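**Student:** Got a predicted model here, sequence first, then my questions.
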Amino acid sequence: MARRKMIYEGKAKIIYEGPEPGTVVQYFKDDATAFNAEKHAVVEGKGVLNNRLSEHFMTGLNAIGVPTHFIRRLNMREQLVRAVEIIPLEVVVRNVAAGSMAKRLGIEEGTSLPRPIVEFYYKDDALNDPMVTEEHAIAFGWASQPDLDEMISLALRVNDFLSGVMFGVGIKLVDFKIEIGRIFDGDFQRLIVADEISPDSCRLWDIETGEKLDKDVFRRDLGNLADAYTEVATRLGVMPKKSGSGNGPKLVH
Ligand code: UDP
């Protein structure tokens, strides 16, 4: 079969032309990067896990009326999604102080926040994705005030949904990042959740033990990243339990 035409290759995903207008194919790679790609490794199976996990979260969001780009999964590593114009702002929502915010403001990691905090970061690797305010976004034409209001509303709805889903399997949603895209219906534009939602873009802590089940395992050399993501996928029922755990078919040697 002729290979699809590549549109864009990022650090963790490749975007190919879709089979019909207005669609693209999102391919999940096994590459793990951190600190603006200064740290890189290939983690076998990560792409498969993130494809399934992102499908799970986006399908759930679609079902409760939060619009996303997700159409359907195509295979182990690929999903069909709506083509969007990505707004060049990463939207981060935080429930608990961690990572860059804990460091910047001198707050101990793990401190619960009195309310969710939404932040914007300008997507520019050369500048290391600097944090920006709504004023910058409007002044430089990245998003309008109504866009930003809609983005905050979408991000908070994703936060409520994901927090609940994670709580149901004993995981605390500390923070996460989403990207939002524009689609055009004639003269009208709509904003929808795009890119991916996976342990690559969330901080997930076991509620009982505090164990990290997200990309910090890689960033901070805490263990095997694929094992952590498998744990999340297994708890959510997205992946079958590992062979040897008593359920499902056993590998015969
Ligand atoms: N995040 C992400 N991509 C980025 C930066 C951050 O997915 O380029 C996610 C990160 O995994 C975490 C949240 O956004 O869940 C907040 O990240 P933070 O600002 O604390 O930065 P970090 O400590 O990851 O550098």
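**Tutor:** Here it is on my side, so go on.

**Student:** A34 and G47, how far apart?
**Tutor:** Relative to G47, A34 is positioned 16 Å away (C-beta to C-beta, to the nearest Å). (Each C-beta comes from the backbone N, C-alpha and C, glycine too.)

**Student:** Comparing the two, which residue is more hemmed in?
**Tutor:** Neighbour totals were compared for A34 and G47, and G47 leads with 23 against 16 (other C-beta atoms under 10 Å).

**Student:** A helix includes that one, no?
**Tutor:** Yes. Assigned with DSSP: H, G, I helix; E, B strand; the rest coil, G47 falls within a helix.

**Student:** Next, count neighbours for R94.
**Tutor:** R94 has 22 neighbouring residues, counting by other C-beta under 10 Å.

**Student:** Give me the three-state assignment for the closest residue to it other than its chain neighbours.
**Tutor:** Excluding the flanking residues, the one nearest R94 by C-beta to C-beta, 6 or more residues apart in numbering is D175, at 4.1 Å. Of the three states, D175 takes strand according to three-state DSSP.

**Student:** Compute the distance between D175 and the ligand, please.
**Tutor:** D175 sits 4 Å away from the ligand, going by C-beta to the nearest ligand atom, to the nearest Å.

**Student:** Ok, E119 next?
**Tutor:** 7 Å.

**Student:** Contacts only, for the residue lying closest to G18 once chain neighbours are set aside.
**Tutor:** Distances taken as C-beta to C-beta, 6+ apart put V24 closest to G18, at 4.6 Å, once the chain neighbours are dropped. With contact taken as C-beta atoms under 8 Å, 6 or more residues apart in numbering, V24 is in contact with I7, I15, Y16, E17, G18, L80, V81, R82, A83.

**Student:** Report the secondary structure element holding V24.
**Tutor:** V24 belongs to strand 23-28 when assigned by DSSP states H and E.
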